[in-house]
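> my questions are about this predicted structure, shown below with the sequence.
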Amino acid sequence: MDDTEYARARRDLVADLRRRLDVSETVLSAIEAVPRHAFVPEPQRQNAYEDRPLPIGHDQTISAPHMVAIMTDLLDLGPGDRVFEVGTGCGYHAAVLAEIVGPGNVFTAEYVPKLAEAARDRLDRLGYDVTVYAGDAREAFREEPPFAAASVTCAPDGDVPESIVDRVEIGGRIVAPVGDETGRQRLVRLTVRDDGIEREDHGGVRFVPMR
Ligand code: SAH
């Protein structure tokens, strides 16, 4: 496929997401702006605009476009909001977030050093000003002021770690898949209030486990 064909496939994907999902036009425009094919390994390129996860190596995956759309919509972001992403993978979702919040506002952590390095190079090459930390997200960006939101793209067991919830300001949102003892996962949105955490359930999901 050439660039025109990729762009057409991406427009078709966005039209399909618009029909199927109740997400904002801001989110759909962000997805339309990011070249997903540039984030997947060569053999997967022709599948880049199918709405499903794809393998990216190191036993990890790029999330399905509808999942990126739903999570991004729940984060309820606007220009200038600072976002903390847990699990960079190939960097695709970080790029979608950056389209909404703007340059310098996305901070993402990736446990697998080779994926972190590759994502950093790719985001840079594509012109996204995103900060990538290599290592455990629990230790990342400690010196940064609190974030408006956190997007967790790997599933912690039990609940979102305190060390991540603590990084989000009052009024901020955390969207995360949370695993239970049976191995099932639910997508949750936590809102940090001054008197505690408000919690909503957004249905069953499937993500790689958080390490
Ligand atoms: N956001 C990605 C999806 C990444 S899959 C996208 O745009 O498609 C989840 C990623 O979380 C994997 O790459 C995995 O290595 C990473 N991960 C798992 N545990 C982690 C941890 N404790 N800290 C940071 N990253 C972690």
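Ah, there it is.
> residues from the chain in reach of the ligand?
Contact residues (C-beta under 6 Å from any ligand atom) of the chain with the ligand: 60-63, 86-90, 92-93, 109-112, 115, 136-137, 153-154, 208, 210-211. C-beta: built from backbone N, CA, C; applies to glycine.
> just the ones of the residues you listed in strands?
60-62, 86, 109-110 (DSSP state E).
> circling back to that earlier point, just the buried subset of the residues of the chain next to the ligand, please.
60-63, 86-90, 92-93, 109-112, 115, 137, 153-154, 208, 210 (16 or more other C-beta atoms under 10 Å).
> what about the residue nearest to residue 81 when sequence neighbours are not counted, distance to the ligand?
In this structure, residue 81 finds its nearest non-sequential neighbour in residue 148, 4.0 Å apart by C-beta to C-beta, 6 or more residues apart in numbering. Distance, residue 148 to the ligand, by C-beta to the nearest ligand atom, to the nearest Å: 18 Å.
> give the rounded mean pLDDT of the host helix or strand of residue 148.
Element membership for residue 148 (DSSP states H and E) is strand 147-152. For strand 147-152, the mean pLDDT works out to 98.
> partner strands of that strand, with direction?
According to DSSP bridges, strand 147-152 forms sheet pairs with strand 83-86 (parallel), strand 168-179 (parallel).
> which residues touch the longest one?
Just to be clear, that refers to strand 168-179. Contact partners of strand 168-179, identified using C-beta atoms under 8 Å, 6 or more residues apart in numbering, comprise 71, 74-76, 84, 86, 146-160, 164-165, 185-194, 202, 205-207, 209.
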